[in-house]
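Asks: Fold the following.
(chains A and B)
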Amino acid sequence: MVASQSRGSRSGAESTAGTDWQKAAYIAGQAADARVNVELETEGMTLNLGPQHPATHGTLRIVVRLDGEQVVWAEPICGYMHRGYEKLCEVRTYPQVTTLVNRIDWLGHFANEVPFILAAEDLMGIEAPPRAQWIRTIFFEMARIANIVLFLGDMGVQLGAITPIFFAFRDREHVLNLMEAATGGRFHPNFDRIGGLKEDLPRGWVEEAKVAMKKMRGFCDEIEDLLMGNEIFQKRTRGIGVIPPAVGLEYGLSGANIRASGVDWDIRRDEPSPLAYKECDWKVWTHPDGDSFARYWVRLQETREATKIVDQLLDSLPAGSIQAKVPRIIKVPAGESFVHTENPLGEMGYYVVSKGGLGPFRVKIRTPSFNNVSIAPWLLRGVYVPDVITILASLYFILGDIDR
Amino acid sequence: MLGLDLTAYWATTTIKVLVVLSLIPAGAIILGYVFLLKMMSWMQSRMGPMEAGPRGSLQLVADGVKFMQKEDIFPARADRFVFAAAPIVVLMSTFLLYIVIPAGPRLIVEDLDTGIFFALAVSSLSVLGILMAGWSSANKYSLIGALRAAGQLIAYELPLVLAVVGVVVQAGTMSLQGIVHAQADGEIFGIGLIGNPYILTQFVGFVVFLAAAQAELTQTPFDMPVAESELVAGYMTEYTGFRFLFFFMAEFGTAFAFSAIGATLFLGGWYVPGVEGTLADILGPFVLGAKIMAIAFLIFWIRFSYPRFREDQLQAFAWKYLIPISLVNIVATGILKVVF
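Replies: Below you'll find the predicted structure:
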């Protein structure tokens, strides 16, 4: 039965093998067949996970070649959601660009704006006043919480537990409500400006934010009890998709993915930045295992740390202006600048080239998800189909962040 | 009475068939509304459906009507006859389950001497329908889902039967009606007040039965055949409209039937202490209904809060834990049966 079905799909693959990667995929599949079929007389099967598939939350397509339920070869194919943001940035003025980049990692909304604004400020040689930097950092960490909280629930859905995601959506609202109260935008705040911020915080916001941070810590405890402590969850994630630190570094992983492999690297702490991270006491968590469980664990701890950072910054919020003196029409002097920050998904960087005009001449956006997913072919070899889902979920990518 | 002889063979048979045919959607709708729509929503801090009928109670009826109106789609390369027959085969297995479940001293379709044996045998008929659905859909997800379902249902048939053997040994009969009577007449340390519901003496068997029933029903944590994050919807992927409705009804109808079997085997079925004769026939269905809801609550509670196993872990769970435990349970039950 299996043989006849897969034979059908193979002849289909031959007839459509037009492009180079398809040919390469076909040859790799053949080679993999030859390897695994020595003992058992079975033929492989090519399965398309996506672009329309419930587990890819977006439009990532993964072609996997299966021997039974075991993957012999896998290839992620991205680009189905390419929106051309790098090119669009070239025809926008500097203040207009933040509207675009909000939508790159749509769950970590505000965190996308900050590195671009910092790069522009760097080129102009101005620096925002301390209060603006404080509030930027607070929003940055809130975006991190709003983003990772969804991951913490979504991992459960990928493994078959449907309840955690609803708790995640419920408690994420606390953060999004705060964002909306301060910026007017629930999902796309578009709040960061060159030289400062659009507005100051509304009255009573600081107290509300403290209550919300307490609730988020409660959520972390809850999800730890409900999902992370579950035996089946641990069985499904421990030892699955192990990334050795050296391999992770070679593939350019960043963020929680590389910290879960034991590499103690966090741009917030390790690089000089005008943001207010050095003002508070927090910890970068690493995990020695490098498996899916470690990635989940590190992200859970990061959410807790983020709430602590926000709490401390709210306590030490300096008074003063939120906007430095900038010209009415912003013209950035010619030059080049690269600023990267530790975004919820990993290292995000903007390489901005200016020729002195109203808008950037060229913007290159380094997004974390693209590199994080690039390790998939290496990681997915020899695993079972259910583990493909576990591994992809634990790598945690946002499609907008891959394709831009 | 209207010139109809209701005791004639054809009349009783027709009535029985109609009752069972109406019980399947009724059971499916009750479980679907109470647990799938409402309990799950409350667990997840939602309201659930609120518009169709009082507190959304007619939502599933509305959904059913919606499914009827959908286009009847056959995939281009599907085996049309098998594809169309598969949901009916699955539903037939559910239908046959209801035949042997007693709802009162006289309220039973057919009191077979081998009642529980029959029930467990026909429940595995659904594998056939699932394999047919998966194979005829000409879809890789369907095929993988169907093969997973076959492997899983075969693996969990064994602990299910072995868990029931303990009850059968203790009751001394395979007839479900006989098992209810055995529990009603039983005594706990010489006190016969509430009879002897076998959940007390066969607790290990009850736990194994619940786990195996969960797997038979392909509910989380054993829902690999329909794992939506991996296989879209498993063997149901290509089904739409009323054929999908058949699968849905079979899923929840079987859950209802398995809860009824669990209630009959371990909670005393329709029996409630102090009620005899005709009154038991009237009260029986309600008592059984309450017990069904108790068992179904356990099944759905686990379904809504657990992640799912992987295929190999699931097989290991059946063969390494459930089967040895139930074998030990049988031996212990046999020894105690002989001693006392």
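Asks: May I have the secondary structure class of A:Pro76?
Replies: Using DSSP: H, G, I helix; E, B strand; the rest coil, the structure places A:Pro76 in strand.
Asks: So for it, what pLDDT did the model give?
Replies: In this model, A:Pro76 is scored at 84, pLDDT.
Asks: quick one, what contacts it?
Replies: A:Pro76 is in contact with A:Leu60, A:Arg61, A:Ile62, A:Val373, A:Ser374, A:Ala376, A:Pro377, counting by Cβ atoms under 8 Å, 6 or more residues apart in numbering or on different chains. Just so you know, the C-beta spots here come from the backbone N, C-alpha and C atoms, and that holds for glycine as well.
Asks: Look at A:Thr341 and tell me its secondary structure.
Replies: State at A:Thr341, reduced to three classes by three-state DSSP: strand.
Asks: Please apply the same query to the one 10 residues further on.
Replies: The three-state label for A:Tyr351, taken from three-state DSSP, comes out as strand.
Asks: these two touch, right, it and A:Val363?
Replies: Yes - counting by Cβ atoms under 8 Å, A:Val363 is a contact partner of A:Tyr351 at 7.1 Å.
Asks: Between the two, point out the one with more neighbours.
Replies: Between A:Tyr351 and A:Val363, counted using other Cβ atoms under 10 Å in any protein chain shown, the more crowded position is A:Val363 (23 against 17).
Asks: residues near the closest residue to that one other than its chain neighbours, how many?
Replies: Of all residues not flanking A:Val363 in the chain, A:Cys89 sits nearest, at 4.1 Å (Cβ to Cβ, 6 or more residues apart in numbering or on different chains). Under the neighbour criterion other Cβ under 10 Å, A:Cys89 is assigned a count of 23.
Asks: Report the contact partners of the residue lying closest to B:Ser137 once chain neighbours are set aside.
Replies: Distance criterion Cβ to Cβ, 6+ apart; nearest residue to B:Ser137, sequence neighbours excluded, is B:Glu238 at 4.1 Å. Shown here is B:Glu238, whose contacts under the criterion Cβ under 8 Å, 6+ apart are B:Ile73, B:Pro75, B:Ala78, B:Phe83, B:Ser137, B:Ala138, B:Asn139, B:Ser142.
Asks: Quick check: phi and psi at the fifth one.
Replies: The phi/psi pair for B:Ser137 (degrees, to the nearest 10) reads phi -70, psi -20.
Asks: what sits against it?
Replies: Contact partners of B:Ser137, counting by Cβ under 8 Å, 6+ apart, are B:Pro75, B:Ala78, B:Phe83, B:Leu143, B:Tyr235, B:Thr237, B:Glu238, B:Tyr239.
Asks: The residue nearest to A:Val363 and chain B, how far apart?
Replies: 35 Å (Cβ to the nearest Cβ, to the nearest Å).
Asks: Hmm, A:Gly359 and that residue touching each other?
Replies: Yes - under the criterion of Cβ under 8 Å, A:Cys89 makes contact with A:Gly359 at 7.3 Å.
Asks: okay, and the common contacts of those two?
Replies: With contacts defined as Cβ under 8 Å, 6+ apart, the residues adjacent to both A:Cys89 and A:Gly359 are A:Val97.
Asks: tell me the domain boundaries of chain A?
Replies: A:1-80+A:369-404, A:85-366 (automatic domain parsing).
Asks: wait, which of the ones you listed is closest to B:His181?
Replies: Each of the domains of chain A was scored for nearness to B:His181 using Cβ to Cβ, and the closest is domain A:85-366 (39.2 Å).
Asks: now that closest one, how far from the centre of its chain.
Replies: Averaging C-alpha coordinates over domain A:85-366 and over its chain gives two centres that are 9 Å apart (Cα atoms, centre = their mean, to the nearest Å).
Asks: Give me every residue in chain B lying close to chain A.
Replies: Within chain B, the positions near chain A by Cβ under 8 Å from any Cβ of the partner chain are B:40, B:43-46, B:135, B:138, B:140-141, B:143-144, B:220-221, B:223-224, B:227-230, B:232, B:304-313.
Asks: are any of these buried, and which?
Replies: When neighbours are counted using 16 or more other Cβ atoms under 10 Å in any protein chain shown, the residues of chain B next to chain A contain these buried positions: B:40, B:43-44, B:135, B:138, B:140-141, B:143-144, B:220-221, B:223-224, B:227-230, B:232, B:304-311, B:313.
Asks: tally of neighbours for the spatially closest residue to A:Gly29 that is not a sequence neighbour?
Replies: Leaving out its chain neighbours, the residue that sits closest to A:Gly29 by Cβ to Cβ, 6+ apart is A:Arg65, at 4.3 Å. A count of neighbours around A:Arg65, defined by other Cβ under 10 Å, yields 24.
Asks: quick one, phi/psi of A:Arg65?
Replies: Backbone torsions for A:Arg65, taken as degrees, to the nearest 10, come to phi -100, psi 120.
Asks: Show the contacting residues for it.
Replies: By Cβ under 8 Å, 6+ apart, the neighbours of A:Arg65 are A:25, A:28-29, A:32-33, A:44-47, A:71-74.
Asks: Kindly present those as CSV, with separate columns for neighbour count.
Replies: Supplementary listing: these in CSV, determined by neighbours: other Cβ atoms under 10 Å in any protein chain shown:
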residue, neighbour count
A:Ala25, 20
A:Ala28, 17
A:Gly29, 22
A:Ala32, 18
A:Asp33, 19
A:Gly44, 26
A:Met45, 23
A:Thr46, 18
A:Leu47, 21
A:Val71, 25
A:Val72, 20
A:Trp73, 22
A:Ala74, 24
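Asks: Below-threshold pLDDT in the stretch 51-200 of chain B: ranges please.
Replies: When residues are selected by pLDDT under 70, those of the stretch 51-200 of chain B lie in B:188-193.
Asks: Find the residue closest to the closest residue to chain A within it in space, skipping its chain neighbours.
Replies: With Cβ to the nearest Cβ as the measure, B:Lys140 is the residue of the stretch 51-200 of chain B nearest to chain A, at 5.5 Å. Leaving aside its sequence neighbours, B:Lys140 sits nearest to A:Leu47 (Cβ to Cβ, 6+ apart; 5.5 Å).
Asks: what ranges do the strands span in chain A?
Replies: Taking DSSP state E, the strands of chain A run over residues A:45-49, A:61-67, A:70-77, A:192-193, A:196-197, A:335-343, A:346-354, A:362-366.
Asks: The fifth one - contacts with which helices or strands?
Replies: Applying 3 or more Cβ pairs under 8 Å, 6 or more residues apart in numbering or on different chains; DSSP states H and E, we find strand A:196-197 packed against helix A:130-158.
Asks: for the first one, same thing?
Replies: In terms of contact count using 3+ Cβ pairs under 8 Å, 6+ apart, strand A:45-49 is assigned the packing partners helix A:2-16, strand A:61-67, helix B:140-171.
Asks: B:Glu187 is nearest to which of those?
Replies: B:Glu187 lies closest, by Cβ to Cβ, to one member of these: helix B:140-171, at 12.5 Å.
Asks: Helix or strand with the lowest mean pLDDT in chain A?
Replies: Counting by mean pLDDT, DSSP states H and E, the weakest-scoring helix or strand in chain A turns out to be helix A:2-16, with a mean of 42.
Asks: Report the contact partners of the nearest residue to B:Ala133 once chain neighbours are set aside.
Replies: With Cβ to Cβ, 6+ apart as the criterion, B:Ala133 has its nearest non-adjacent residue at 3.7 Å, and that residue is B:Ala86. Residues in contact with B:Ala86, defined by Cβ under 8 Å, 6+ apart, are B:Gly129, B:Ile130, B:Met132, B:Ala133, B:Ser136.
Asks: Swap in 10 Å and give it another go.
Replies: B:Ala86 sits next to B:79, B:128-137, B:146, B:235-236, B:239, B:243, B:246-247 when contact means Cβ atoms under 10 Å, 6 or more residues apart in numbering or on different chains.
Asks: Also A:Pro272?
Replies: For A:Pro272, the contacting residues are A:Lys278, by Cβ under 10 Å, 6+ apart.
Asks: do the same with the one 5 residues further on
Replies: Remark: with contacts taken as Cβ under 10 Å, 6+ apart, A:Tyr277 is in contact with A:133, A:137, A:140-141, A:266-269, A:271, A:309, A:313, A:341-342.
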